[in-house]
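Visitor: Okay, here's the prediction I keep looking at, along with the sequence it came from:
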Amino acid sequence: MTKRNKIIYWIATGWLALGMTSTGIVQIIKMKEEVDMMTHLGYPLYFLTIIGVWKILGVVAILIPKFPLLKEWAYAGFFFAMSGAVFSHLAAGDGAKEFFGPVLLIILTVVSWYFRNEDRKIISINH
């Protein structure tokens, strides 16, 4: 891995981890703004706890060494959760301001995943 790619990876991964951790925490503690947003989108409030816990566990998975399959699942989960957020806001008729966070987290997820080091990737053995 080149120095440039390592820097890109750690910047994207750091911001991704910060974004997912902070939003996960406010979802777990059911901050008023999160409750209002989830109600506006039509989701049950227990969904906040589920998504919040998954985000925190996903951050742990992408930051700890080894476990490449677990990392793939975490990246996929982040991608699905954030793309679901974008489409939920679209369906609710929300403006561009509501899309910024989820779209940014999708971009950070893809960049972090793409630039991850070889020891964080699943090794495919062709027969």
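Guide: Sure, I can see it.
Visitor: The residue sitting nearest the centre point of the chain and residue 13: what is the separation?
Guide: Closest residue to the average C-alpha location of the chain: residue 78 at 3.3 Å, with Cα atoms, centre = their mean. Per Cβ to Cβ, to the nearest Å, residue 78 is found 11 Å from residue 13. For the C-beta atoms, the positions are set from N, CA and C on the backbone; glycine is no exception.
Visitor: ok, now residue 123?
Guide: In terms of Cβ to Cβ, residue 123 sits 20 Å off from residue 13.
Visitor: Settle it for me: which of these two has more neighbours?
Guide: Using other Cβ atoms under 10 Å as the criterion, residue 123 and residue 13 rank with residue 13 on top: 21 against 7.
Visitor: what's the closest non-adjacent residue to the more buried one?
Guide: residue 112 (4.3 Å; Cβ to Cβ, 6 or more residues apart in numbering).
Visitor: Give me the buried positions along the strand or helix carrying the one you found.
Guide: According to DSSP states H and E, residue 112 maps onto helix 96-114. For helix 96-114, burial by neighbour count (16 or more other Cβ atoms under 10 Å) applies to 98, 99, 102, 103, 105, 106, 108, 109, 111, 112, 113.
Visitor: which of the residues in the longest helix seen in the chain are buried?
Guide: In the chain, with assignment by DSSP state H, the single longest helix is helix 3-28. Across helix 3-28, burial judged by 16+ other Cβ under 10 Å covers 8-9, 12-13, 15-17, 19-21, 23-24, 26-28.
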